[in-house]
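1. this is a predicted model, with the sequence first.
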Amino acid sequence: MSLWTLIKTTAALVVLAVLGLTGMLAYHVAVEPLGGIFSRVIPDPIRVADRQSDAELAAMLDSAEMPDIDPGEKAFQKAHELLALGKLPEAREKLTAIVNVFPASSSAPAARRIVGEMNLDEILSTTHMAGKQVHVVKRGDSLLAIAAKFRTTIDCMMHLNSMLELRGLQPGDELIVMPLDFRLLIEPNRKALSLWEGGRFIREYPILGAPSSVQSAKNKTTITSKSAEFEDRRVQPQSKEYRAAAKLIQLAKPSVRIQSWDGTGDRPGGAILLRPPDMEELSLLTRAGNDVEFR
């Protein structure tokens, strides 16, 4: 055999070997993994992925900090989008779900504030008559008698009927009345006082301060009386000074009052303190006999 023939034969065998090896490598990758040298050159990609996933999972579990997941935040973002689109009923539904289902969410305080403002706008508006009714005055009626009949207050009736001062009632007059059947939930540790209608959240107010006697209180009580003071003297709802007077709500047990404080001067002792505008709202929406719960 000539040298040239030997070279050509050797070259052909090398080409065949390379083609065979290439084919086996392709089979290893695309069809079924092969053992031996092929696993060292190109490992099974599925096993590599599995090992990598296991390693990442183990690292995540061993980590001191786990990723925070706040489902309330996602619901709040959706509610914000609905508000921007003017879809108020749908937005309120989302926000109310955050208040009721995710009360510990970072978005819950903002949700309670927005829902409270929406609720208050409806409650104090005479264009929204849900929960209200019209009473036609009869001979012998008085504001005090009407208030007692409908479980409301003179103050609330004067507000709903835009009465700046007390006037005589005439038979046939129409008065909008709204029963004040709300209950108070006081949470001293959370520094919050909220208004509820049954199981429906209405409004929340921040507590500026509270006496130590209520810090650990967990009981139910009632509002025993309401009053207003102007220049160290008590005034009635029909008085011209009533709007500018400081409102007071007295509770039964523990015997503590709720009152306003503007943050200046000495802090009043023995009272649950609210901001003046909040106290004005709360006084307008409550009556003697309302249920109160400490939690």
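-> It's in. Note that the structure is a prediction, hence the values are computed from the model and not measured. Numbers count the residues shown, from 1 in each chain.
2. OK, contacts around residue 216?
-> By CB atoms under 8 Å, 6 or more residues apart in numbering, the contact set of residue 216 is residue 188. For glycine as for every other residue, the C-beta is placed from the backbone atoms N, C-alpha and C.
3. show me the strands in the stretch 51-200 of the chain, by range?
-> 133-136, 174-177, 183-187, 192-197, 200-206 (DSSP state E, counting those that start in this stretch).
4. show me where pLDDT drops low in the stretch 101-250 of the chain?
-> For the stretch 101-250 of the chain, not a single residue meets the criterion pLDDT under 70.
5. swap in 80 and give it another go.
-> For the stretch 101-250 of the chain, applying pLDDT under 80 flags the ranges 164-167, 215-217, 238.
6. show me the helices in it, by range?
-> Using DSSP state H, counting those that start in this stretch, the helices found in the stretch 101-250 of the chain span residues 108-123, 143-149, 154-160.
7. the strands of the stretch 51-200 of the chain: which one's closest to residue 292?
-> Across those, residue 292 has its closest neighbour in strand 183-187 (4.4 Å, CB to CB).
8. for the closest one, buried residues please.
-> For strand 183-187, the neighbour count (16 or more other CB atoms under 10 Å) marks 183-186 as buried.
9. hmm, back to that, what's the most buried one of the helices of the stretch 101-250 of the chain?
-> Most buried of those, by mean neighbour count (mean count of other CB atoms under 10 Å): helix 154-160, with a mean of 20.
10. which elements pack onto that one?
-> With contacts defined as 3 or more CB pairs under 8 Å, 6 or more residues apart in numbering; DSSP states H and E, helix 154-160 has these neighbours: helix 143-149, strand 174-177, helix 276-284.
11. each with direction, which strands does the second one pair with?
-> On the basis of DSSP bridges, the sheet neighbours of strand 174-177 come out as strand 133-136 (antiparallel).
12. would you mind writing the CA trace of the strand it pairs with as PDB?
-> Below are the C-alpha coordinates for strand 133-136, written out as PDB (Å, rounded to 0.1, in the frame of the first residue of the first chain):
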ATOM      1  CA  GLN A 133     -86.500  58.900  56.700                       C
ATOM      2  CA  VAL A 134     -88.700  61.900  56.500                       C
ATOM      3  CA  HIS A 135     -91.000  62.700  59.500                       C
ATOM      4  CA  VAL A 136     -94.000  64.900  59.000                       C
END
